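Q: Sharing a sequence plus its predicted fold:
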Amino acid sequence: MPHAEISIVIATYNGEKHIKAQLGSILHQINDNTEVVISDNGSTDNTVQMINAFNDPRIKLLQNLEKKGSTNNFEFGLQHTTGNIIFLADQDDIWLENKFNTCLEKLKQYDLVVTNCKVVDDQLNVLYPSFFELNNSGKGIVRNLKKNAYLGCCLAFKREVLNISMPFPQGIEIYPMHDIWIGFVADCFFSTYFIDTPLLLYRRHQNNISTASNKSPFSFTRKLNFRWRIVKYFPLILSRYWKVKFGKKKN
C-alpha cells in the first residue's frame, strides 16, 4: 500500500499466543485505505509466521535485526507510517466492534482520543468492566503525570500530535513510556477526548510489560524519576510546536 490514509501500529515480541485473535479483530473492521504496521522485535516463536499467514496486503511487517525495547520498537513502527490518523495497538488485546469507526468519528472534532476498555485475564474473563473507573481516567497534565490514563492500546491521534512527539527524546526508551509521552504532548498542545464506551479487551497476564491496572512495582523515587524524564523535555516539545505552528525555531 503506497500511501495509506490511516495507520495502525503494533509492536510484537513472542506474541504467538494472542496475535492471531488480535489481528483478526482489527482487520475485519478497518477499510482498504488503512495499513497495519507491525514492528517485530526479533521474535523467536511463531509470531512472524502467524502474521504472514494472514497474507493481507494491508499488513506491513517490519522485522528488527536486533531487540530495540518496547518503546523503541513502537517508535520504529511509527517511523514507517504514512497515515494522517494513527492508532496504537498491543499484540495481545482484542478490539471490540466499532472501535475503529468510533475513534475516527471523534477525531473529526479532537486531535487525540482515548477509548475505555475492559480489563480481562488471559482467558478473556472480565476483571474490571471499566478501566476509566478503575484508574479515574481523564485529561489534564498534572492528573496524568500522577497516574497515567493515556493507555497506548487505547489511543488514536492525528499526525500533528505525532510530529511533535517524535523522535522520542533520549531517556523515554528506558521505561515503557511512549504512551505517557504522547499523552503529555497532547495535553500540552492539542484537544483530547475520552470515549467512555469500552472498545477494547485489555488483556492482563504474566508477560505484560505495562503495569497499568496493577499496583505499580516501582518505588516512589523511581516514579518521580519517570515523571522528571517527561517534564524536563517540555522546552523541546515547545520548540517543535513553535516550529510547526509558526514555521520558525524558538531561540
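A: Now that the structure is in, tell me what you want to look at. Computed from a predicted model, the values in this text were never measured in an experiment.
Q: low-scoring pLDDT stretches of the chain, where are they?
A: 1, 173-176, 206-218, 220, 248-251 (pLDDT under 70).
Q: now the strands for it?
A: Shown for the chain, the strands assigned by DSSP state E span residues 6-12, 34-40, 59-63, 85-89, 94-95, 112-120, 126-128, 155-158, 192-203.
Q: Okay, now the sheet partners of the last one, with direction.
A: Okay, so that is strand 192-203. strand 94-95 (antiparallel), strand 112-120 (parallel) (DSSP bridges).
Q: can you redo the strands of the chain as CSV with mean neighbour count and distance to Ile237?
A: C-beta here means a position set from N, CA and C on the backbone, and glycine is covered the same way. Below are those laid out as CSV (neighbours: other CB atoms under 10 Å; distance: least, CB to CB, whole Å):
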stretch, mean neighbour count, distance to Ile237
strand 6-12, 27, 20
strand 34-40, 24, 23
strand 59-63, 17, 26
strand 85-89, 24, 17
strand 94-95, 23, 29
strand 112-120, 24, 14
strand 126-128, 14, 32
strand 155-158, 23, 14
strand 192-203, 19, 15
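Q: Distance of Val48 relative to Leu62?
A: Note on Val48: its distance to Leu62, by CB to CB, to the nearest Å, is 10 Å.
Q: show me the contacts for Asn14.
A: Ser43, Thr44, Asp45, Thr47, Asn207 (CB atoms under 8 Å, 6 or more residues apart in numbering).
Q: could you redo the last one with a cut-off of 10 Å?
A: Each residue near Asn14 by CB atoms under 10 Å, 6 or more residues apart in numbering is listed here: Asp40, Asn41, Gly42, Ser43, Thr44, Asp45, Asn46, Thr47, Gln91, Asn207.
Q: so which of the strands paired with strand 192-203 comes closest to Ile86?
A: Closest to Ile86 of the strands paired with strand 192-203, according to CB to CB: strand 112-120, at 9.8 Å.
Q: one step back: what's the overlap in contacts for Val48 and Leu62?
A: Common neighbours of Val48 and Leu62 are listed as Thr12, Ile38, Asp40 (criterion: CB under 10 Å, 6+ apart).
Q: Quick check: the first one touching Lys20?
A: I take that to be Thr12. No. The pair Thr12 / Lys20 is not scored as a contact, 11.6 Å apart, by CB atoms under 10 Å.
Q: what number of residues lie near the nearest residue to Ala149 once chain neighbours are set aside?
A: Distances taken as CB to CB, 6 or more residues apart in numbering place Ser137 nearest to Ala149, at 3.6 Å, with adjacent residues excluded. Close neighbours of Ser137, defined as other CB atoms under 10 Å, add up to 21.
Q: For Leu107, give its distance to Phe246.
A: In terms of CB to CB, Leu107 sits 24 Å off from Phe246.
Q: Looking only at neighbour counts, state which of the two leads.
A: The neighbour comparison of Leu107 against Phe246 (other CB under 10 Å) goes to Leu107, with 19 against 9.
Q: The more buried one is in contact with Ala156, isn't it?
A: Yes. Using CB under 10 Å, Leu107 is in contact with Ala156, at 6.3 Å.
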